[in-house]
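> Build me a model from this:
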Amino acid sequence: MKILMVTPYPPLRDGIASYAVQTVVALRAEGHDVTVLSPGPSAAHQHLNLVGPRGAAALAKRVRGYDKVIIQFHPDIFYPVDASSAERAATSAGLAVAFRLADYVEVRLHEIDYRNGYGAGPAAIAARLMWSQVDKIVVHTEGERNDFIAAFKVKPENIELTDHGGDFQRYTTANRATARRTLRVPADAMVFLSIGFIQPHKGFDRAVRAFARVADGDARLYVVGSVRVDEPGFLAYMAELAELISQTPGAELRQGYVSDELFDRWIVAADCVVLPYRAIWSSSVIERARLYDTSVIVTDVGGLKAQAERGSDVTVVADDEELAGALASRIAGSSANAAVPHHLAVPNKEWPVAGDNLRLRLQAEIVARATVRRGRPAGAVDAPALVAGRVKAASDARGVLARVAPVPMFAMPSTAGRGPRSYAKKVVRKLTDWEMREIAHQMNLQKIGTDKMVGALTEQVAALQAQVLELTAHHKEEGRDG
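Model prediction:
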């Protein structure tokens with residue numbers, strides 16, 4: 001089947017983007033031909049500004065020729081921020097046309113304001129018309145399904161319930177001991193974790209306050225994540241949260257963007273994930289914790305209670321008092337030294353050969369480069385021990401890496417420094433980062449053969465090297481002219 005998926009896409013730091021890339025992988029594994037269209041620059045095949053009536057009209061020109069169009073729907077993708085009633089009406093009408101022109105439209109709903117479907121105004125009428133053109137609407141809970149039917153008057157048979165984490169895949173093979181060692185987390189502590197983009201509605205401050213009330217000397221709470229966008233309200237919340245954590249013994253803020261593998265490694269390291277959300281529809285974090293059998297404490301908002309009922313070891317709390325009680329219960333009744341679930345244990349095997357795990361080889365190269373000091377020989381790193389968490393002596397780190405795990409050619413050298421050469425590297429990296437990340441991700445998941453990988457990448461690197469030489473020559477000419 002030929003499918004067009006409209007969605008935010010990596011390397012955009014966005015929950016929907018992370019959700020969508022796993023869906024794309026699953027669809028391609030089933031044999032479908034998937035083209036990805038994103039609302040901004042990304043690793044997608046096509047990029048298009050989808051905001052407003054003009055965005056809807058542009059989408060209408062691209063939906064024909066596909067057997068199915070899948071929309072990962074969030075209002076911010078299509079509607080201007082603080083849109084007027086007239087703008088909402090025009091945008092909904094434009095999307096209704098686009099959906100009508102497509103052979104089959106499936107919308108996977110991530111968030112919506114039900115109030116926009118009620119009333120007799122132009123915006124509400126256009127919204128109901130738009131949703132009537134969708135062949136299938138996918139939601140995650142029965143509550144969402146009922147609310148959507150009531151607001152937008154769609155046919156009940158057009159709405160389908162699906163498991164939020166149905167397409168989710170594991171990104172780490174670390175066991176708890178390895179995860180804690182690499183993350184600098186005490187091996188014997190009772191570890192709570194609040195992780196994700198840091199925004200007021202996530203309520204991470206509630207976790208810190210509850211932890212401060214009940215924690216003993218052996219418990220730890222880690223708040224891990226970054227601000228998604230530099231919006232003043234989000235930045236102010238981050239500053240307040242950091243101050244609160246600094247005053248709470250046993251709590252620690254690990255601020256910064258968290259990659260897929262690092263996200264999962266934190267979940268493996270934790271005894272319990274704490275999600276004290278103030279408002280949310282559903283949570284991908286619950287689903288990722290479920291992949292690793294990590295227990296969860298979550299507040300009863302949105303569809304989280306229904307989502308929690310489909311899994312095990314999820315405690316739903318109503319307020320801050322119950323949140324503190326749930327933390328205290330975990331501290332009193334759980335042991336950080338409990339046996340690690342069998343499926344989390346890492347078998348004792350050799351360092352992966354080329355093509356077996358691309359991310360691990362890249363990480364090994366990154367760590368090896370970090371040992372190099374300008375003007376001094378590289379520090380000693382044993383690549384197999386590096387992945388296992390052990391560092392041993394070796395005569396030459398790069399020699400070891402070259403022998404046991406050839407690093408793909410697109411692992412470009414550092415862009416640090418000044419001058420034309422550094423400038424050229426930065427230009428090339430910016431031009432290729434989106435595509436390279438997607439290539440690495442797909443190869444890691446699908447385990448493409450080494451020969452095929454090297455052949456494709458060699459051609460791409462040759463083209464990049466030509467660009468570097470051309471840019472360097474150009475800057476030298478400019479230097480002489482100056």
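> residue contacts, E106?
Contacts for E106 (Cβ atoms under 8 Å, 6 or more residues apart in numbering) come out as 68-71, 134-138. (Glycine included, C-beta is placed from N, CA and C.)
> Just checking: what are the partner strands of the host helix or strand of it?
Following DSSP states H and E, one finds E106 within strand 105-109. According to DSSP bridges, strand 105-109 forms sheet pairs with strand 68-73 (parallel), strand 136-139 (parallel).
> Rounded mean pLDDT for whichever helix or strand comes after it, please.
If you walk from strand 105-109 toward the C-terminus, the next helix or strand you reach (DSSP H and E) is helix 122-132. The pLDDT scores in helix 122-132 average 94.
> For the strand holding E106, list the C-alpha coordinates in PDB.
Output of strand 105-109 as PDB, limited to C-alpha atoms (Å, rounded to 0.1, in the frame of the first residue of the first chain):
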ATOM      1  CA  VAL A 105      -7.900   9.400   5.500                       C
ATOM      2  CA  GLU A 106      -6.900   8.100   8.900                       C
ATOM      3  CA  VAL A 107      -6.400  10.600  11.700                       C
ATOM      4  CA  ARG A 108      -4.500   9.600  14.800                       C
ATOM      5  CA  LEU A 109      -5.600  12.000  17.400                       C
END
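> Tell me how many other residues surround A207.
The tally of other residues near A207 (other Cβ atoms under 10 Å) stands at 27.
> one step back: could you tell me the least trusted of the strands paired with strand 105-109?
The bottom spot among those, by mean pLDDT, belongs to strand 136-139, with a mean of 89.
> Highest mean neighbour count out of the strands paired with strand 105-109?
Of those, the one with the most neighbours on average (mean count of other Cβ atoms under 10 Å) is strand 68-73, at a mean of 23.
> on that earlier part again, can you redo the strands paired with strand 105-109 as a markdown table with distance to D147?
Listed next are the strands paired with strand 105-109 as a markdown table, based on distance: least, Cβ to Cβ, whole Å:
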| stretch | distance to D147 |
| --- | --- |
| strand 68-73 | 15 |
| strand 136-139 | 9 |
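> how about the strands of this protein, start to end?
Counting by DSSP state E, the chain forms strands over residues 2-6, 33-38, 46-47, 68-73, 105-109, 136-139, 159-161, 190-195, 219-225, 251-255, 272-275, 295-299, 314-317, given from the N-terminal end onward.
> Quick one: mean pLDDT for the last one?
When pLDDT is averaged along strand 314-317, the result is 89.
> Neighbouring strands of that strand in the sheet, and parallel or not?
Take DSSP bridges as the rule and strand 314-317 pairs in its sheet with strand 295-299 (parallel).
> partner residues bridging V316?
Listed beta-bridge partners, V316: V298 (assigned using DSSP bridges).
> tally of neighbours for it?
When neighbours are defined as other Cβ under 10 Å, V316 has 18 of them.
> where's it relative to V268, distance?
Using Cβ to Cβ, to the nearest Å, one obtains 23 Å as the distance from V316 to V268.
> List the contacts of the residue nearest to R206 when sequence neighbours are not counted.
Closest residue to R206 apart from its sequence neighbours, by Cβ to Cβ, 6 or more residues apart in numbering: P276 at 3.9 Å. In this structure, P276 makes contact with 194, 202-204, 206-207, 210, 297-299, 317, 323, judged by Cβ under 8 Å, 6+ apart.
> hmm, try it at 7 Å
In this structure, P276 makes contact with 203-204, 206-207, 299, 323, judged by Cβ atoms under 7 Å, 6 or more residues apart in numbering.
> Mind checking which of those residues land in helices?
With helices defined by DSSP state H, the entries of the contacts of P276 inside them are 204, 206-207, 323.
> Make a ChimeraX selection of the buried ones in the residues you listed.
Buried members of the ones in helices among the contacts of P276, identified by 16 or more other Cβ atoms under 10 Å, are gathered into one ChimeraX selection as follows:
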select :204,206,207,323
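> Just the closest of the ones in helices among the contacts of P276 to V97, please.
Within these, the smallest distance to V97 is 41.7 Å, found for F204 (Cβ to Cβ).
> and the closest residue to the closest one other than its chain neighbours, how far is that from T23?
On the basis of Cβ to Cβ, 6+ apart, the spatially nearest residue to F204 that is not a chain neighbour turns out to be S194, at 4.7 Å. With the distance defined as Cβ to Cβ, S194 ends up 26 Å from T23.
> more neighbours, the two?
When neighbours are counted by other Cβ under 10 Å, S194 and T23 differ, and S194 comes out ahead with 28 against 18.
> Settle this for me: the more buried one is touching Y277, isn't it.
No - with contact defined as Cβ atoms under 7 Å, S194 does not count as touching Y277 (10.0 Å).
> Low-confidence ranges, this protein, go.
For the chain, the stretches flagged by pLDDT under 70 are 13-14, 163-167, 281, 307, 310-312, 334-419, 421-482.
> Dihedrals phi and psi, the nearest residue to R228 once chain neighbours are set aside?
By the measure of Cβ to Cβ, 6+ apart, the closest residue to R228 outside its immediate chain neighbours is F197, 4.1 Å from it. F197 adopts backbone torsions of phi -60, psi 140, taken as degrees, to the nearest 10.
> Within its local environment, how many residues does F197 see?
A total of 16 residues lie near F197 under the criterion other Cβ under 10 Å.
> Quick one: residues contacting it.
F197 sits next to 225-226, 228 when contact means Cβ under 7 Å, 6+ apart.
> my guess is Q46 meets L37, correct?
Yes - in terms of Cβ under 7 Å, Q46 counts as a neighbour of L37; the distance is 4.3 Å.
> Compare neighbour counts for those two and give me the winner.
Taking neighbours as other Cβ under 10 Å, Q46 and L37 compare with L37 leading, 21 against 12.
> Tell me how far that one lies from H45.
Applying Cβ to Cβ, one obtains 7 Å for the distance of L37 from H45.
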